[in-house]
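1. Dropping the sequence and predicted coords here.
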2 protein chains.
Amino acid sequence: MAKDLQCVLLLDCYGDLLTERQRELAELYYNEDLTLSEIADIQKISRQAVLDSLRHSEQMLRHAEEKLGMAQRIGKLRHCLEDILAAAQGQPDTETIRTLAQQGLELL
Amino acid sequence: MAKDLQCVLLLDCYGDLLTERQRELAELYYNEDLTLSEIADIQKISRQAVLDSLRHSEQMLRHAEEKLGMAQRIGKLRHCLEDILAAAQGQPDTETIRTLAQQGLELL
């Protein structure tokens, strides 16, 4: 299974739709960047069980995104706030704007 | 049933989780601001049927928000971008920042 970077964002948006167990495995894979075998070792389950759980979770996350499109919206907002920050950095007296843009990015 | 303004935001975030029919009634109520009786007349169903559908939809929308918290996140981002816009309006040479903040708000 190719590790899809978009899933990191989907997991952040929709992780609470997964069961605690599914989420735990998905976070080890996508956020901690462990391999399937490493997760299997830690969790004392088969590599196949890890794979099955991740496939199922990925399907659920993608389905949620198809329905709600939040990850795409958040990605665009991140670009927007990063561009504001970059524009403000080249300007004098924009400390308030820079602080606000930074706070906005922390929400994403 | 008191018309809850938070539901407008929840409907925007999670409306695609409702059936087409549920969404149609919810939009007439929350976005078009019609009364239960007006919706019942237009849709040629009973006022009670409208009420039942809206209650069910509201429950689903609130449940989605409890799980995902997107509406709250988006509300905070809106404040953040509005504050950036206000701060930029008092500053010279901030046209780029203002345009970006406006574009960000349009995503929300």
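-> Happy to help now that I have it.
2. ok, and the closest non-adjacent residue to residue A:15?
-> Nearest residue to residue A:15, sequence neighbours excluded (CB to CB, 6 or more residues apart in numbering or on different chains): residue A:23, at 5.2 Å. C-betas here are computed from N, CA, C, even on glycine.
3. so which helix or strand takes in the one you found?
-> Residue A:23 belongs to helix A:20-26 when assigned by DSSP states H and E.
4. Low-confidence stretches in chain A?
-> When residues are selected by pLDDT under 70, those of chain A lie in A:1-2.
5. Spell out which residues belonging to it are near chain B, please.
-> A:13-14, A:16-17, A:67-70, A:73, A:76-77, A:80-81, A:83-84, A:87-88, A:91, A:93-94, A:96-97, A:100-101, A:103-104, A:107-108 (CB under 8 Å from any CB of the partner chain).
6. now with 6 Å?
-> Residues of chain A lying near chain B by CB under 6 Å from any CB of the partner chain: A:16, A:67-68, A:70, A:73, A:76-77, A:80, A:83-84, A:87, A:96-97, A:100, A:103-104, A:107.
7. how far away is residue A:10 from residue A:70?
-> Residue A:10 sits 9 Å away from residue A:70, going by CB to CB, to the nearest Å.
8. how about the strands in chain A?
-> Counting by DSSP state E, chain A yields no residue ranges for strands.
9. longest single helix anywhere in chain A?
-> helix A:47-68 (DSSP state H).
10. what's near enough to touch residue A:78?
-> Counting by CB atoms under 6 Å, 6 or more residues apart in numbering or on different chains, residue A:78 touches residue A:108.
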